[in-house]
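Chemist: Sequence plus predicted model, see below.
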Amino acid sequence: MNAIEINNLTKSYGKSRGVVDISLNIEKGEFFGFIGPNGAGKSTTIRALLGLLSPTKGTCSVLGADCWKDKTTVLQSVGYLPSENAYYQGMRVDEILRLSAKLRGCECDKEASRLCDALQLEVHRKASELSYGNRKKLSIVCALQHNPEVLILDEPTGGLDPLMQKAFFDLLRERHESGTTIFLSSHILSEVQNHCDKTAVIRNGQIIACDRIENLKQNNVRRIHLIGEADLAGLDGVRNLVQTSDQSSFLYNGEIAALLRVLSSGNIRDLSIQEPDLEEVFMHYYE
């Protein structure tokens, strides 16, 4: 059984685009990355998964429950970390955590205390006194304290310093190893590369790639660097070309035979062909 299923989901806002005919299946226990530039449709997809908006077309479900028709059931099994947060300013951290637990009808004091210690979150401070980073820590504890089966995280590390980012991903790794399904939406490539099993790339509201990280890195794109002269004009598959007086560097996903014909007709003194890093792979998809 898949933990999350999205089938032909479309959401339109009048003349504005949300997402267009996207489909994803995320297996139980998977650490799944959802990556794209700002405005690509990541948050719209998450709001549909949480039942916060109705689809224009298509369906989505979490653990078999329809996200729109059975939103209460879905929310009971999900821990959600929004990219932005707001709290009652006069309440203390521990009061907010207890309120969050009470709304879910569960007792979370022990786990909340453990999470606050791991993230160095002071529980007796008022929300009005918290920095942006500490408000993000509070959101993390609210999302994790009830041990949900599915975690949906929207740009989760904004405001966290590097040490707290490491502590946060240590907690996620612990949950992942215990079988929790994690859906991580981010525009930070290193977060996806270092922690996710599989990822989908979204651009302009559409899924343009979905595969395991290692497979995405092993596609036909190669980084070419050459010293000398070659006429690259008209060569299909050249991307991100940077040229100086006698050097050229570019991404290439065309036919190797065509590339070799062009290079053999030029005056090449040195040549290297490398696998691109993940950032270059994703930039290739974005462009």
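Modeler: Cool, got the structure. Numbering: from 1, shown residues only.
Chemist: pLDDT score for the nearest residue to residue 83 once chain neighbours are set aside?
Modeler: Distances taken as Cβ to Cβ, 6 or more residues apart in numbering put residue 155 closest to residue 83, at 3.9 Å, once the chain neighbours are dropped. C-betas here are computed from N, CA, C, even on glycine. Predicted confidence (pLDDT) for residue 155: 90.
Chemist: got it, and the one 4 residues further on?
Modeler: Among the per-residue scores, residue 159 shows a pLDDT of 89.
Chemist: Equivalent analysis for residue 238, please.
Modeler: 86.
Chemist: Show me what counts as buried in the helix or strand hosting residue 227.
Modeler: Following DSSP states H and E, one finds residue 227 within strand 222-229. For strand 222-229, burial by neighbour count (16 or more other Cβ atoms under 10 Å) applies to 222, 223, 224, 226.
Chemist: tally of neighbours for residue 110?
Modeler: The tally of other residues near residue 110 (other Cβ atoms under 10 Å) stands at 9.
Chemist: List the buried residues for the host helix or strand of it?
Modeler: Secondary structure from DSSP H and E places residue 110 in helix 109-119. Residues 111, 112, 115, 116, 118, 119 are the ones in helix 109-119 that count as buried (16+ other Cβ under 10 Å).
Chemist: now swap in stretch 236-251 and tell me
Modeler: 237, 238, 248, 250, 251.
Chemist: Can you give me the end-to-end span of that stretch?
Modeler: The stretch stretch 236-251 measures 11 Å between its terminal residues, going by Cα to Cα, to the nearest Å.
Chemist: quick revisit: out of the buried residues of stretch 236-251, which two sit at the greatest distance?
Modeler: With Cβ to Cβ as the measure, no two of the buried residues of stretch 236-251 lie farther apart than 237 and 248, at 13.9 Å.
Chemist: and the strand holding residue 227, what does it pack onto?
Modeler: If you count contacts as 3 or more Cβ pairs under 8 Å, 6 or more residues apart in numbering; DSSP states H and E, strand 222-229 packs onto strand 247-252, strand 267-274.
Chemist: so what strands line up beside the shortest one?
Modeler: Translated: strand 247-252. strand 222-229 (antiparallel), strand 238-243 (antiparallel) (DSSP bridges).
Chemist: Can you tell me what sits against the next helix or strand after that strand?
Modeler: Counting by DSSP H and E, the element after strand 247-252 in chain order, helix or strand, is helix 256-264. Helix 256-264 has contacts (Cβ atoms under 8 Å, 6 or more residues apart in numbering) with 224, 226, 230, 231, 232, 235, 236, 237, 252, 271.
Chemist: if we go to 6 Å?
Modeler: With contacts defined as Cβ atoms under 6 Å, 6 or more residues apart in numbering, helix 256-264 is touched by 230, 235.
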